Every structure is written in C-alpha cells, then in structure tokens.
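Engineer: everything below, folded, please.
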Amino acid sequence: MTNRFCRLRYLMGMGAAQLVSVNVGLPRDVPWKNLEVSTGIFKEPVAGRIAVRKLNLDGDRQADLSAHGGPNKAVYAYPSEHYPFWKKELARDDLSWAGFGENLTTEGLSEETLCIGDRLRIGSALLVVTQPRIPCFKLAIRIGRDDILKRFLASGRSGFYFAVMEEGDLAAGDQIHIEHSDPEKVSVADINRLFTAKEDGRLAQRAIRVDALPESWRVWLTEHVRT
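Structural biologist: As a prediction, the model looks like this:
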C-alpha cells in the first residue's frame with residue numbers, strides 16, 4: 001500500500017487510526033555517568049480519560065523546559081508499529097508502551113503519512129502536528145545505551161510532537177481523525193530527511209511556509225539546508 005493511498009484513506013475517514021495507550025509521568029532524578037539527572041522521560045500507561053492541556057497532559061510534566069515541553073511540544077506521540085523493529089534492533093523483548101517516553105502510543109499513523117500542520121481530533125482534544133523528535137541524551141538514559149541516539153535518527157522512526165489547539169480529554173481506544181490536511185504536504189519524514197541530509201532547498205522552502213512549523217525549525221532550515 002503506497003503512502004499516498006494510506007493518506008487518502010485517513011483523509012476520507014476510512015482509516016483505523018486509534019490511540020493505543022496514554023502515558024504520563026512526573027520528573028525524577030536518575031543516575032547517569034556519575035551525575036544525577038532530572039528527567040520526565042519515564043512514563044507509564046494510565047487508564048481512563050485524561051485531560052489534555054495547552055502544555056501537557058494531566059499527570060505529566062517535563063523536567064528541562066529549555067529543551068522539552070512548551071506549546072510546540074505539548075504532546076509527544078509514537079507509533080506502536082515501531083516497537084517490533086526496536087525489539088529486534090536492540091534485542092529488547094521488554095520494550096512496552098511509553099518505552100520511548102511518548103505520551104500517546106498510536107496505531108495507524110506514521111511519519112510518512114502525517115504532515116506538519118495536520119490537525120487531529122483525538123477524543124475531544126484537537127492537536128496539530130508541529131515537528132519530529134530529535135533525540136537528546138535522555139533517550140539514552142531511558143533505553144540504557146548511548147548508541148540509541150544515532151540509531152534513532154538513522155531509523156527515521158522519530159514519532160511526532162503536537163501543539164494543543166483545543167483542550168479536551170482522551171483515552172486509550174479513542175479513534176484518531178484527521179480533520180485538516182496541511183496544503184503544503186510536508187511530512188514528518190520530510191523534516192527528518194532535511195535534518196539528516198541537509199539537502200533539497202525546494203522542500204525546505206515548502207516547509208518554511210507551514211504555519212505550524214516552529215520558528216526554531218524555520219531558522220535551522222534557512223541556515224543549514226543547501227539549495
């Protein structure tokens with residue numbers, strides 16, 4: 001099935017995208033290379049309906065607001081379809097939902113079919129796709145190995161951040177509906193490729209025109225992508 005066909009199915013309401021797990025956690029101090037680091041990456045699945053606020057989910061917090069959280073990174077989602085790959089890649093049968101620090105574990109969404117600026121209705125909350133995840137050392141803490149950062153970037157399995165357009169609530173099992181598709185059609189995977197290859201100036205210019213793309217990404221694309 002082509003990415004274009006998958007995307008058309010979602011837009012026509014024929015897809016089966018849904019929320020598999022909702023995960024939250026508060027910051028904790030953990031040891032890392034002879035240091036003590038505060039991180040909110042350790043999350044756990046929760047039952048019931050959870051309120052979605054402008055900056056996070058109820059029961060969830062970010063430790064370092066200079067790099068995590070904020071309006072453009074209020075909610076982080078990761079496709080459940082990536083877990084079999086990582087279990088094999090890392091020889092880790094114990095990986096389970098929230099294993100990558102995501103708030104939402106999804107089914108039926110991917111970096112290739114989801115575009116920056118797409119608006120998704122999950123439960124009563126309306127979310128907009130803003131950017132992929134670029135991993136920091138705290139993912140290495142969560143997974144327990146330093147090479148995960150390079151592997152994560154190389155895999156293209158970044159997951160995606162959302163801003164909250166309308167507060168509401170959601171729960172595992174909720175259907176995910178794409179209510180608006182951004183006209184520039186710059187996928188999350190496109191941004192990943194621009195970040196790693198630093199090529200394709202035309203694509204970068206399209207990305208810069210997407211209102212939902214954070215200003216920090218606009219600046220980076222302008223300065224780093226070759227035309």
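Engineer: measure Phe195 to Val225 for me?
Structural biologist: The gap separating Phe195 from Val225 is 9 Å, by Cβ to Cβ, to the nearest Å. Glycine gets a C-beta too; all of them are placed from N, C-alpha and C.
Engineer: just Glu102 next, same as before
Structural biologist: Taking Cβ to Cβ, one finds Glu102 at 27 Å from Val225.
Engineer: quick one: buried residues of stretch 190-197?
Structural biologist: 190-195 (16 or more other Cβ atoms under 10 Å).
Engineer: return the residues in contact with the spatially most central residue of the chain.
Structural biologist: Nearest to the mean C-alpha position of the chain, counting by Cα atoms, centre = their mean, stands Phe160 at 2.0 Å. Going by Cβ atoms under 8 Å, 6 or more residues apart in numbering, Phe160 touches 76-77, 109, 111, 114, 129-133, 188.
Engineer: try it again with 7 Å
Structural biologist: Listed by Cβ atoms under 7 Å, 6 or more residues apart in numbering, the contact set of Phe160 reads 77, 111, 114, 129, 132, 188.
Engineer: for Val20, see how far away the second one is.
Structural biologist: Using Cβ to Cβ, we find Glu111 at a distance of 17 Å from Val20.
Engineer: show me which of the two is the more surrounded one.
Structural biologist: Neighbour count, other Cβ atoms under 10 Å: between Glu111 and Val20, Glu111 has more, with 23 against 20.
Engineer: isn't the more buried one right up against Gly156?
Structural biologist: Yes - in this structure Glu111 lies within contact range of Gly156 using Cβ atoms under 7 Å: 6.3 Å.
Engineer: so what sits against both of the two?
Structural biologist: Joint contacts of Glu111 and Gly156 (Cβ under 7 Å, 6+ apart) are 189, 192.
Engineer: circling back: Glu102 and Val225: which is more packed in?
Structural biologist: Each of Glu102 and Val225 has its neighbours counted (other Cβ under 10 Å); Glu102 has more, 23 against 20.
Engineer: and the residue nearest to that one when sequence neighbours are not counted, how many neighbours?
Structural biologist: If you skip the residues right next to it in sequence, Glu102 has Tyr78 as its closest partner in space, 3.7 Å away by Cβ to Cβ, 6 or more residues apart in numbering. The number of residues packed near Tyr78 is 26, by other Cβ under 10 Å.
Engineer: for the strand or helix carrying Tyr78, packing partners?
Structural biologist: Under the criterion of DSSP states H and E, Tyr78 resides in strand 75-79. Strand 75-79 is packed against strand 104-107, strand 160-166, with contacts defined by 3 or more Cβ pairs under 7 Å, 6 or more residues apart in numbering; DSSP states H and E.
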